[in-house]
Structures are given as structure tokens and as C-alpha cells.
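[1] task: produce atomic coordinates for the following.
(one chain, ligands or ions: 1)
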Amino acid sequence: MSATLIDGKALSERLRGEIAARAAALTAAGRQPGLAVILVGDDAASAVYVRNKVKACADGGFHSVLEQYPASLTQAELLARVAALNADPRIHGILVQMPLPPHLDALQVIEAIAPAKDVDGFSVHSAGQLLTGLPGLRPATPFGCMKLIESTGVALRGKHAVVVGRSNTVGKPMALLLLQANATVTVCHSGTPDLGLHTRPADIVVVATGRRRTLTADMVKPGAVIIDVGINRGDDGKLCGDVDFGPVREALSPGGFITPVPGGVGPMTITMLLANTLQAAEAAA
Ligand code: NAP
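    Residues are numbered from 1 along each chain as shown. Modelled structure (predicted):
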């Protein structure tokens, strides 16, 4: 029997139902949760992501604002928009879609967002809260990965978790969340000479490299939980993750859990963005 699929779409739908119910309660009290998304330039992929986020907001009963600007927007103009949204009481979460055009300073923009409205959880303030174990807004993708792992029923305490990738938005916060859940955590990256040496004994492996077949069947043990964050295109043009899905799924048996791509981590990312916006709105109320 091959490993069990972790259905991110189903989990995401269930969580969105709960989020919508809490959002409706806030709205009834005159405090509808609100998310503002800023998109600068004409990156096609970013436009799709932003559309999906705004639609998810509408479906969840949130107030949402999409501000679209040409790539010629200046840093000062962008900072002025962030300041206006910081002061807007109808907006509880502000998201500036990355990547920004190269002439704009992304870090300065992220730092300009009021900490209470940093629903992407990318600011130094939010990262510090995560590092020190304080409550706060967690980056949506690793936060969603934690929910996916939780959904398997596998307890993290005392388990060996390996994170492959160390970006500020996925790998590092993922490692900190796993550590906070009392797993023993190893972080691997492009300088790790023998990745399999670390992943083979691991109980949980989260792969976020953006490279197809980073994790192959000879690099996992039966019964492990595999979370595939990657988004790539296969030779057939279809979407695929960083994990060699079919063979790895077989190698995990007996037992074991694995997320598919698409339908695993992806749907959870937007859901956790809504969860963060709701959390920010509840805190403001
Ligand atoms: P990133 O910033 O490019 O980071 C990639 C990380 O992987 C780096 O730390 C890099 O190491 C490491 N790496 C690269 N090749 C490796 C290898 N062969 N072995 C071990 N480590 C390796 O990417 P990211 O933003 O974290 O995103 C990773 C993937 O997740 C991408 O495909 C992205 O599209 C996807 N993603 C998906 C979602 C979603 O919602 N599903 C959300 C965010 C990201 P170094 O640090 O040494 O360079």
C-alpha cells in the first residue's frame, strides 16, 4: 500500500469554512476583516496569485482592496500607499506582492507595514516574534505546512524533521515552527554535500528548493511524512513539486504521508493568509 495523500484542498476548504464563520461574526459586530493587496508592475504570475487572494477574500466574506500600479511607481509613492493603508481602520492586513520591480526596495516596503497588519509575516518584527516564540503573524506557507502535518495525526514532539531550503519566507520559518513544536530539526541547503544522509532517517521532510527531484525514492524511509512546497514545470509542461512524487510515495510504504503538487501546500498558503488577516482583525477588535 502506498503512502496516504495529504489533501491540501480538502483541509483548506474545511479551514476556510471555519474562517468564514468567524469573519461573519466580526462583520455582524461591525468589524469586517479587511485585506489590502498591492501589485506593482505586470508580472503575469503575480497577477494570478493576487487575483486568487482577492477572490478568496470575497468568498470568505472579507472586505478586500486590490491596488494595482504600473512598474514606474516610485519607492516614495509605494511607501505613501502603505502608510495610508496602515492608517485605514477597514484594513487589517496589508500584502505587497513580491517580486517588486528591481528599482524598488522590497525590504524597506515590508518594514513600512504596521507590524499588526503584516499578514505575510515577512517583517523583521514578525520574524523576531517567531524566533522568540511570541505570538504573532506567521508566514503563510510554512504555517500551512504545519497544519498539513497536524492533519496526519503524527505528533511532532521528539521526531526528527528535516527542512530542505533556507529562504526567509519558507525554509527558515518552517524550521522554527517545527522546533517550536518540539521536533529535532535539521536544515539543509545547496551547500549540504549529501542530502540523503539527512533525509533518510527523518520522520518528517519539508522540501522547498524550487528544483525538481530534489528528493528521490532512495532518500526517504517508510512511514515518513513528506511535505512538498516546490512549484515547478515538468518536461510535460505540467505542474510538479520538488519531490519525485510517484517513486517517493511508493518508497514511503508501509504507512507514510505525502502532499501532492498541485493540491497540497498551494491551497493552504492562501487559506493561512486569510487566517492571518482574521487574526489581525480579531486582535484589532
Ligand atoms: P528560494 O528562495 O529560491 O530558496 C530555495 C532554497 O533551496 C535555498 O535555501 C537553496 O539553498 C535551497 N536549495 C536549492 N537547491 C538545493 C539542493 N539541490 N539541495 C538542497 N537545497 C537546495 O525559494 P523559496 O522561495 O523558498 O521557494 C521554494 C519553492 O517553493 C519554489 O518552487 C517556490 O515556487 C515554492 N513556493 C511555493 C509556495 C506555495 O504556496 N506552494 C509558496 C512559496 C514558495 P541556498 O540557500 O544555499 O541557495
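[2] neighbours around the closest residue to the ligand within the stretch 1-150 of the chain, how many?
    The stretch 1-150 of the chain approaches the ligand most closely through residue 141 (4.0 Å), counting by C-beta to the nearest ligand atom. Heads up, the C-betas are built off the backbone N, CA and C, glycines and all. By the measure other C-beta atoms under 10 Å, the count of residues near residue 141 is 24.
[3] show me what counts as buried in the helix or strand harbouring it.
    Here residue 141 sits within helix 140-151, counting by DSSP states H and E. Neighbour counts over helix 140-151 (16 or more other C-beta atoms under 10 Å) mark 140-149, 151 as buried.
[4] which residues of the chain lie near the ligand?
    141, 164-167, 169-171, 188-192, 195, 208-211, 214, 229-232, 265-266, 269 (C-beta under 6 Å from any ligand atom).
[5] tell me which of these fall in strands.
    The strands, defined by DSSP state E, take in 164, 188, 232 from those.
[6] which ones are touching the second one?
    With contact taken as C-beta atoms under 8 Å, 6 or more residues apart in numbering, residue 188 is in contact with 162-166, 195, 198-199.
[7] apply 10 Å and report the result again.
    Residue 188 makes contacts with 162-166, 171, 194-195, 197-199, 202, 205, 207, 209, 214, as judged by C-beta atoms under 10 Å, 6 or more residues apart in numbering.
[8] kindly report the same for residue 80.
    For residue 80, counting by C-beta under 10 Å, 6+ apart, the contacting residues are 74, 112.
[9] and what of residue 100?
    38-41, 43, 46, 71, 73, 75, 78, 106, 109-110.
[10] will you turn the residues you listed into a markdown table that also has secondary structure, pLDDT and neighbour count?
    Below are the contacts of residue 100 laid out as a markdown table (DSSP: H, G, I helix; E, B strand; the rest coil; pLDDT from 0 to 100; neighbours: other C-beta atoms under 10 Å):
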| residue | secondary structure | pLDDT | neighbour count |
| --- | --- | --- | --- |
| 38 | strand | 98 | 22 |
| 39 | strand | 98 | 21 |
| 40 | strand | 98 | 24 |
| 41 | coil | 97 | 18 |
| 43 | coil | 94 | 17 |
| 46 | helix | 94 | 16 |
| 71 | coil | 98 | 13 |
| 73 | coil | 98 | 18 |
| 75 | helix | 98 | 14 |
| 78 | helix | 98 | 23 |
| 106 | helix | 98 | 15 |
| 109 | helix | 98 | 20 |
| 110 | helix | 98 | 20 |
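[11] among the residues of the chain next to the ligand, name the ones in helices.
    141, 171, 195, 265-266, 269 (DSSP state H).
[12] how far away is the residue of the stretch 1-150 of the chain closest to the ligand from residue 147?
    Separation of residue 141 from residue 147 (C-beta to C-beta, to the nearest Å) stands at 11 Å.
[13] shared neighbours of the two, anything?
    Shared contacts of residue 141 and residue 147 (C-beta under 10 Å, 6+ apart): 268, 272.
[14] my guess is residue 94 meets residue 64, correct?
    No. At 11.5 Å, residue 94 does not count as touching residue 64 under the criterion of C-beta atoms under 10 Å.
[15] mutual contacts of those two, please.
    By C-beta under 10 Å, 6+ apart, the residues touching both residue 94 and residue 64 are 34-37, 277.
[16] which one of those residues is nearest to residue 6?
    Distances from the shared contacts of residue 94 and residue 64 to residue 6 were compared by C-beta to C-beta; the smallest belongs to residue 277, at 24.2 Å.
[17] and the closest one, what element?
    helix 265-284.
[18] relative to helix 140-151, how tilted is that helix?
    Note on geometry: by axes from the mean of the first three to the mean of the last three C-alpha atoms, to 10 degrees, helix 265-284 and helix 140-151 are set 100 degrees apart in direction.
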